[in-house]
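Student: Generate coordinates for the sequence data below:
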Amino acid sequence: MTTTPYPFRIMQTPGLTLIVYEGGAHVWRQIFTDGRPHSADPNPSWLGESIGHWEGDTFVIDTIGQNGKTWLDEEGLPTTESLHVTEKLRRPDFGHLEIENIIDDPKAYTKPWSFTTHPIMLQGELMEYICQENNKDVEHLVGK
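Tutor: From the prediction side, this is the model:
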């Protein structure tokens, strides 16, 4: 989700971090920081099951249990249900994040690989964004 052009907000509580995304499907992530392990057999979902912890000044998010139906970017890099994502969020200064994304999906790629994004702080509030409102093309979007 950090590769989309839409802003997001991170909220932290003891035991749980939430990320709310403005654009597209209006999704949110729950990142459990209460010490629990990953589920033995997580129910596959679009954003998976995320567990987080701190390593110094870096927030590390470990995500499994994704459904393999999403792309990693706008070019269509595929995923499978074997996808394992590690995100390392660091705040180098006020207003800037550095997010290293480590992709490990042995059914789609020959070895793990990574990329880094650099989001900047949102100026203002998240807005309501409904991309499906008045969408006239839905009837043409047929899958295989």
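
Student: okay, CA-based contacts and neighbour counts for the rest of this
Tutor: Noted.

Student: How much space separates the residue nearest to S82 when sequence neighbours are not counted from D73?
Tutor: Spatial nearest neighbour of S82, excluding adjacent residues (CA to CA, 6 or more residues apart in numbering): D105 at 5.5 Å. Distance from D105 to D73, counting by CA to CA, to the nearest Å: 15 Å.

Student: and if you look at T116?
Tutor: Distance from T116 to D73, by CA to CA: 13 Å.

Student: Quick one: the strands in this protein, in order.
Tutor: Taking DSSP state E as the criterion, the chain contains strands spanning 8-13, 16-21, 28-32, 49-55, 58-64, 84-93, 96-104, 113-117.

Student: Select, out of those strands, the one closest to L126.
Tutor: strand 8-13 (7.2 Å; CA to CA).

Student: Tell me which strands the closest one pairs with, and in which orientation.
Tutor: strand 16-21 (antiparallel) (DSSP bridges).

Student: Do I have it right that the residue nearest to S82 meets T86?
Tutor: No: using CA atoms under 8 Å, D105 makes no contact with T86, being 11.4 Å away.

Student: Pull the contacting residues for D34.
Tutor: Going by CA atoms under 8 Å, 6 or more residues apart in numbering, D34 touches 14-16.

Student: per-residue pLDDT, it?
Tutor: Note on D34: pLDDT of 97.

Student: ok so, going back, quick one: which of T116 and D73 has more around it?
Tutor: T116 (15 against 12; other CA atoms under 10 Å).

Student: who's that one bridged to?
Tutor: Residues in beta-bridge contact with T116 (DSSP bridges): E100.

Student: May I have the residues that are in contact with it?
Tutor: 98-101.

Student: 6 Å instead?
Tutor: Counting by CA atoms under 6 Å, 6 or more residues apart in numbering, T116 makes contact with 99-101.

Student: picking up where we left off before, can you tell me which of the contacts of D34 is nearest P5?
Tutor: L16 (24.8 Å).

Student: Looking at strand pairing, list the partners for the closest residue to that closest one other than its chain neighbours.
Tutor: Once flanking residues are discounted, L16 sits nearest to F32: 4.6 Å by CA to CA, 6+ apart. Beta-bridge partners of F32, counted by DSSP bridges, are L16, I51.
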